[in-house]
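Chemist: Everything below, folded, please.
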Amino acid sequence: MTHTIRRLTRADAGPAAQLHAAGFADPWSAASIETLIDTDNVLALGIEGEGGLLAFVLFQSAAGESELLTIATSPARRGEGLAGQLIEAAIPVLAGAGNTRLLLDVAEDNTPARRLYVRLGFTEDGRRKGYYSAGRPSPVDALLMSRAIGG
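Modeler: Here you go, the predicted model:
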């Protein structure tokens with residue numbers, strides 16, 4: 001099955017919000033995603049295939065660093081490597097804009113995401129105790145991760 005990686009537009013905010021709601025207990029609204037898509041220092045990429053938007057990622061950049069704000073994949077398409085493809089597609093764009101480091105945080109209990117980030121070269125820099133609580137019986141730590149990109 002073929003798919004295309006492309007920049008998101010305002011028209012993608014609704015489908016992106018649906019993907020986010022399918023993956024997160026405290027989902028972002030279409031309005032908040034649309035605002036981010038329209039923000040100059042945000043890179044918003046999506047993968048489109050049969051049936052529409054399959055996955056998306058949002059990065060925000062400042063002072064030479066880019067933070068992965070959120071990433072979501074259709075539940076029916078998880079495990080196909082779409083999230084990794086989005087991050088790998090974003091790296092040269094972010095590096096080309098002068099960024100030298102990628103940052104993210106991930107819930108300690110999100111094993112698939114942690115494996116992906118390690119595979120993509122991210123290392124753990126620290127943690128935020130009890131940061132994630134939505135949809136969980138008790139809060140879990142956020143692992144702070146980063147990797148160098150570009151120059």
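
Chemist: can we go C-alpha only for contacts and neighbour counts from here?
Modeler: OK.

Chemist: in the helix ranked longest in the chain, what's buried?
Modeler: With secondary structure taken from DSSP state H, the chain has its longest helix at helix 82-96. Residues 82-84, 86-87, 90-91, 94-95 are the ones in helix 82-96 that count as buried (16 or more other C-alpha atoms under 10 Å).

Chemist: want to try TSV for those residues, with pLDDT and distance to residue 102 as columns?
Modeler: Shown next, in TSV, are the buried residues of helix 82-96 (pLDDT from 0 to 100; distance: C-alpha to C-alpha, whole Å):
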residue	pLDDT	distance to residue 102
82	96	18
83	97	15
84	97	14
86	98	14
87	98	10
90	98	10
91	97	8
94	98	9
95	97	9
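
Chemist: Now tabulate those residues in JSON lines and tack on distance to residue 76.
Modeler: JSON lines is the format used below for the buried residues of helix 82-96 (distance: C-alpha to C-alpha, whole Å):
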{"residue": "82", "distance to residue 76": "11"}
{"residue": "83", "distance to residue 76": "13"}
{"residue": "84", "distance to residue 76": "16"}
{"residue": "86", "distance to residue 76": "17"}
{"residue": "87", "distance to residue 76": "19"}
{"residue": "90", "distance to residue 76": "23"}
{"residue": "91", "distance to residue 76": "26"}
{"residue": "94", "distance to residue 76": "29"}
{"residue": "95", "distance to residue 76": "31"}
